[in-house]
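**Q** return atomic coordinates for the entry below.
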Amino acid sequence: MKIVVTGATGFVGGALVRALLAEGQAVLGVKRPLRHRSVQASSPPPTLQHPNLTWASADVTDSASLRGLFAGADWLIHAAGMLGQAGVPESAYYKLHEQGTNNVLTEAQQAGVGRILYVSSPGVLGPVSGPPADETAPLAPSNPYERSKAAAEMVAQVHAKAGLPVIIARPEFIYGPTDLHVLGLFRAVRNGRFFTIDGGQYTCHPTYIDDAVAGVLLALRNGRPGHIYHITGPQPVTFRELGQTIAAALGVPPPKLNLPRWLAWLGAAALEIGLGLLKKQPPLSRTGVAFFSEDRCFSWQKAHNELGYTPQFDLARGVAETVAWYRENGLV
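**A** So this is what the prediction gives:
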């Protein structure tokens, strides 16, 4: 079995590559050429070497660079993407997610790949209040990242309706060892700078990396083409609980700072403008304020019923594992 993984140097893509290698699979890891990589990449450069792993450089936004790359592949996981960050034009997200996904799926069709998994996000549903949203909820993206991922899902569905065996998995708010994207959150809690918004009453739905990988691979193997599967942690938690859990794992006092949403929004806007002039990423953006002041909770029951997925890591266990890795690597 030969399995291709795009975005193989990223946090999720890299974890998928390691899991597949541990199963004894032959893996082709696709990494973006160095000149195109963002300085805000969430994982270190690839160092993984394995007898069953072959590396290839290609830019998914450049269809010519993909030509012939998937020849002989049995399965493909399209995990290439870019998380939301301040200062990135919306067109860049669409180019990578929508156009890149179309390029990858078009090439996969020409290569006759047997099964394809597209890694999306429940964020395409936008903020969710009330009962957890399932896969039938309408698309309602609320920021450039979410809108571009929703557009990519629509591309995938067009290919699926044309007969391409593509499945969509939506892992949510993934964290864990090797991830540097949420490191700033852990450091803010450690340094007493983490604050809640409106009392930290809003909910998020963290998913530990091992659960995300297990769910994605189950979707690849057992998912129905054209179908969508939410892959999340056991339950949503409030941001107050998230901060307290991180503090407990770090052995520091629980966060006490709290700001009203309007004040956090103004502060984030000022940071974006000021640091943007210096070509630096702000520690908090307006999109980040929105994330911390909106509810997002999702149902993973379809993945449980159809794929056999059950998350194994509750928040306390996942955060403890993450803190342990950060400490081992001198990051916190």
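**Q** for Ala152, give its distance to Gln49.
**A** Distance, Ala152 to Gln49, using Cβ to Cβ, to the nearest Å: 31 Å. No exception for glycine: its C-beta is placed from N, CA and C like everyone else's.
**Q** show me which of the two is the more surrounded one.
**A** Ala152 (29 against 7; other Cβ atoms under 10 Å).
**Q** doesn't Leu105 make contact with the more buried one?
**A** No. Ala152 lies out of contact with Leu105 (Cβ atoms under 8 Å); the separation is 9.6 Å.
**Q** joint contacts of those two?
**A** Here Ala152 and Leu105 have Tyr118 as joint contacts, going by Cβ atoms under 8 Å, 6 or more residues apart in numbering.
**Q** how much space separates Ala212 from Ala19?
**A** Separation of Ala212 from Ala19 (Cβ to Cβ): 10 Å.
**Q** same check on Ser129?
**A** Distance from Ser129 to Ala19, by Cβ to Cβ: 34 Å.
**Q** over to Val104?
**A** From Val104 over to Ala19 the distance is 20 Å, taken as Cβ to Cβ.
**Q** between these two, which is the more surrounded one?
**A** Neighbour count, other Cβ under 10 Å: between Val104 and Ala19, Val104 has more, with 31 against 17.
**Q** ok, and what's touching the helix or strand that one falls within?
**A** If you go by DSSP states H and E, Val104 is part of helix 100-111. With contacts defined as Cβ under 8 Å, 6+ apart, helix 100-111 is touched by 6, 60-63, 66-73, 76, 78, 80, 116, 118, 152, 155-156, 159, 164, 166.
**Q** again, but for stretch 325-332
**A** With Cβ under 8 Å, 6+ apart as the test, stretch 325-332 has contacts from Gly176, Pro177, Thr178, Leu180, Leu183, Phe186, Arg187, Arg190, Leu250, Val323.
**Q** mind checking pLDDT for the second one?
**A** In this case it means Pro177. The per-residue pLDDT reported for Pro177 equals 96.
**Q** endpoint to endpoint, stretch 156-174 covers what distance?
**A** Its first and final residues considered, stretch 156-174 spans 22 Å by Cα to Cα, to the nearest Å.
**Q** also stretch 254-267?
**A** 23 Å.
**Q** just say helix, strand or coil for the residue located most distally from the centre of the chain.
**A** Of all residues in the chain, Pro253 has its C-alpha farthest from the mean position, at 29.1 Å, by Cα atoms, centre = their mean. When classified by DSSP: H, G, I helix; E, B strand; the rest coil, Pro253 comes out as coil.
**Q** begin at 7 from here
**A** Sounds good: first residue 7 from here, last item Pro259.
**Q** can you give me the helices in this protein?
**A** Under the criterion DSSP state H, helices of the chain are mapped to 17-28, 69-72, 96-100, 106-117, 150-167, 189-196, 215-228, 245-256, 267-283, 292-298, 307-313, 321-334.
**Q** so where's the stretch 57-206 of the chain uncertain?
**A** Flagging of the stretch 57-206 of the chain using pLDDT under 70 yields the residue ranges 92.
**Q** what about Ala98, neighbour count?
**A** Other residues near Ala98 number 15, with proximity taken as other Cβ under 10 Å.
**Q** what's the spacing between it and Thr293?
**A** Distance of Ala98 to Thr293, computed by Cβ to Cβ: 14 Å.
**Q** wait, which of the helices of the chain is closest to Gly206?
**A** Taking Cβ to Cβ, helix 245-256 is the member of these nearest to Gly206, at 3.0 Å.
**Q** list the contacts of that closest one.
**A** 191-192, 195-196, 200, 202-203, 205-210, 212, 243, 259-261, 298, 321-322, 325-326, 328-329, 338.
**Q** just the buried residues from those, in ChimeraX please.
**A** This is the ChimeraX syntax for the buried subset of the contacts of helix 245-256, where burial follows 16 or more other Cβ atoms under 10 Å:
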select :191,192,195,196,200,202,203,206,208,209,210,212,243,261,298,321,325,328,329,338
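**Q** flag every buried residue along stretch 225-244.
**A** 225-226, 229, 232-240, 242-244.
**Q** so which two of the residues you listed are the farthest from each other?
**A** Taking Cβ to Cβ, no two of those sit farther apart than Gly232 and Thr244, at 34.8 Å.
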